[in-house]
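Engineer: Sequence plus predicted model, see below.
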Amino acid sequence: MDPVTSPDAPGPDDAAPDPDAPAVVPLLEPAEGVPPVVDTPEALAAVVEAFGAGTGPVAVDAERASGYRYGQRTYLVQLRREEAGTALIDPVALPDLSALSDALVGVEWVLHAASQDLPGLVEQGMRPSRVFDTELAARLLGMERVGLAAVVADTLGLGLAKEHSAVDWSTRPLPAEWLRYAALDVEVLVEVRQVLAERLAEAGKAEWARQEFEAVRLAPPPAPRTDPWRRVSGLHTLRDPRRLAVVRELYATRDTNARERDISPGRVLPDAAIVAAAQALPRTVGQLVALPAFAGKGTRRRAALWQSAIDRALALPETALPSPRGPSSDGPPPPRAWADRDPAAARRLAAARAVVADLSERWSVPVENLLQPDLLRRLAWSPPEPADADAIAAALRAGGAREWQVELVAGRFAEAFAAS
């Protein structure tokens, strides 16, 4: 059954039409309507049975409450499969979805930007046997726009509205319009997958995609960041160790408070307020709340908490202050320092980047998808000895490069390094 569409309905981009964009037909309603939210064990059992008996790949999506809640917890899981229909599952009421995952063993899961959704799905006990990532496929095909709406428009000529993409999905009950949006996100995902798979095969990139999808599926959780407080927006304006200590203490206090209240840290205390406090170094609550960044009602209500964090930083001995240089790393220094520290490495980096840029243009693949930038830098800074194609290939594999990437760049890197 075809999705319900209307050629006359306004789309999300009507305000600023792109004359070069293909004409699209807005996708307004799921073909079978919006199903009720599955939030009981009995309803879940029915979904498990239906999806286990379905045919073909299963479209999967997940909604989080980024910017509203602490962490990346999943608040809605959407699935669609031929002969099973669409299911909208509440993982708050049903945190264990392993039975559904077991029913789909061996079935290909179609996701868009799988690396964003898989960690949360794993927390619900959902682990795919195989993955097709429509966003990664679009990147490998050199598509200029790889968001879901753009890919759906390009492949199927359908307009997928995205006005609810950044709402608070922890809201209960979920509004009907949000549920319609969620159902539409998986409505045509399998059809998109079919078109992209055909394009990948025609471009000679099907095996590349398979390797990339498997790498995403098997990717381990990211390692905890060293000094995560150094990612505070505006930190670059501060070089004094005492002020950096204020940022560090306020960041840790904010994180603890946000976790306890299950609120996004940025809503508890904006980065701009942290930097403002570090610049001003207030000694009292009165001085703190006099800062414009602390004028909000919620921020003022917890002013004593923030001032106590500042006081702790101000009381630290010099030996306990953070270094402006940041933590030591096992990686190479910033590339801007290479010309002075190791001119030969700087030449190798330039040569390697030229190789990747040339391959990127030739194959219409973004440079960051041809080879991870960090791996390229590490190879250029400390190449194997001898730096022949085989040794470089081994180093790339050890660094996590996929075989298709190794085949493309190893020989070219060896030639470029020898000439540099």
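Structural biologist: Cool, got the structure. Just so it is clear, the structure is predicted and the values come from calculations on it, not from any experiment.

Engineer: Every contact and neighbour count from this point should use C-alpha atoms.
Structural biologist: Will do.

Engineer: What pLDDT is listed against the residue lying closest to Ser129 once chain neighbours are set aside?
Structural biologist: When the adjacent residues along the chain are set aside, Ser129 lies closest to Gly106, with 5.3 Å between them (CA to CA, 6 or more residues apart in numbering). Looking at Gly106, its pLDDT reads 97.

Engineer: and if you look at Pro7?
Structural biologist: Confidence at Pro7, expressed as pLDDT, is 36.

Engineer: quick one: the helices in the stretch 151-300 of the chain?
Structural biologist: With helices called from DSSP state H, counting those that start in this stretch, the stretch 151-300 of the chain shows them at 176-187, 189-202, 206-218, 241-261, 265-268, 271-280, 285-289, 297-301.

Engineer: Neighbours of Asp330, how many?
Structural biologist: Counted with other CA atoms under 10 Å, residues neighbouring Asp330 total 6.

Engineer: which stretch of helix or strand covers it?
Structural biologist: No secondary structure element spans Asp330, as it lies outside all helices and strands (assigned by DSSP states H and E).

Engineer: And it, its phi and psi?
Structural biologist: According to degrees, to the nearest 10, the main-chain angles of Asp330 amount to phi -80, psi 0.

Engineer: Enumerate every residue touching it.
Structural biologist: Applying CA atoms under 8 Å, 6 or more residues apart in numbering, we find Asp330 in contact with no residue.

Engineer: Name the helix or strand for the residue positioned nearest the centre of the chain, please.
Structural biologist: The C-alpha lying nearest the average C-alpha coordinate of the chain belongs to Gln116 (CA atoms, centre = their mean; 4.5 Å). Mapping Gln116 onto the secondary structure by DSSP H and E places it in helix 114-123.

Engineer: quick revisit: of the helices of the stretch 151-300 of the chain, which is nearest Glu163?
Structural biologist: Proximity of the helices of the stretch 151-300 of the chain to Glu163 was assessed by CA to CA; the nearest stretch is helix 176-187, lying at 8.5 Å.

Engineer: Now do that closest one: which elements does it pack against?
Structural biologist: Using 3 or more CA pairs under 8 Å, 6 or more residues apart in numbering; DSSP states H and E as the contact criterion, the elements in contact with helix 176-187 are strand 25-29, strand 55-64, strand 74-82, strand 85-89.

Engineer: Now tell me what touches it from outside.
Structural biologist: Taking CA under 8 Å, 6+ apart as the criterion, the residues outside helix 176-187 that touch it are 3, 27-31, 34, 59-61, 78-80, 86-88, 160-162, 164.

Engineer: in this structure, which helix or strand is least confident?
Structural biologist: Lowest by mean pLDDT, DSSP states H and E among the helices and strands of the chain is strand 4-5, with a mean of 42.

Engineer: Who are the contact partners of Gly54?
Structural biologist: Residues counted as contacts of Gly54 (CA under 8 Å, 6+ apart) are Arg81, Glu82, Glu83, Ala84.

Engineer: What is the neighbour count of the closest residue to the first one other than its chain neighbours?
Structural biologist: With CA to CA, 6+ apart as the criterion, Arg81 has its nearest non-adjacent residue at 4.7 Å, and that residue is Val58. Other residues near Val58 come to 26 when the count uses other CA under 10 Å.

Engineer: Could you shift the numbering so residue one becomes 41, and keep it that way?
Structural biologist: Taking 41 as the first residue, the last one we looked at is Val98.

Engineer: what separates Val98 from Val87, distance-wise?
Structural biologist: If you measure Val98 against Val87 using CA to CA, to the nearest Å, the figure is 13 Å.

Engineer: quick one on the thing from earlier: my read is that the residue nearest to Ser169 contacts Val171, right?
Structural biologist: No - no contact is recorded between Gly146 and Val171 when judged using CA atoms under 8 Å, the distance being 10.2 Å.

Engineer: coming back round to it: top of the contacts of Gly94 by neighbour count?
Structural biologist: Ranked by the number of neighbours (other CA under 10 Å), the contacts of Gly94 place Arg121 first, at 24 neighbours.

Engineer: beta partners for it?
Structural biologist: With DSSP bridges as the criterion, the beta-bridge partners of Arg121 are Val98, Gly125.

Engineer: Please name the residues that touch it.
Structural biologist: Contact partners of Arg121, counting by CA under 8 Å, 6+ apart, are Phe91, Gly94, Thr95, Gly96, Pro97, Val98, Ala99.

Engineer: and the gap between the fifth one and Val232?
Structural biologist: Using CA to CA, one gets 12 Å for the distance from Pro97 to Val232.

Engineer: Same question for the fourth one.
Structural biologist: According to CA to CA, Gly96 stands 14 Å off from Val232.

Engineer: who's more crowded, these two?
Structural biologist: Higher neighbour count among Gly96 and Val232: Val232, with 19 against 12, using other CA under 10 Å.

Engineer: number of nearby residues for Arg270?
Structural biologist: Close neighbours of Arg270, defined as other CA under 10 Å, add up to 18.

Engineer: ok, now how distant is the residue nearest to Ser169 from Leu436?
Structural biologist: Separation of Gly146 from Leu436 (CA to CA) stands at 30 Å.

Engineer: The two - which one has more neighbours?
Structural biologist: Under the neighbour definition other CA under 10 Å, Gly146 and Leu436 were set side by side, and Leu436 has more, 23 against 12.
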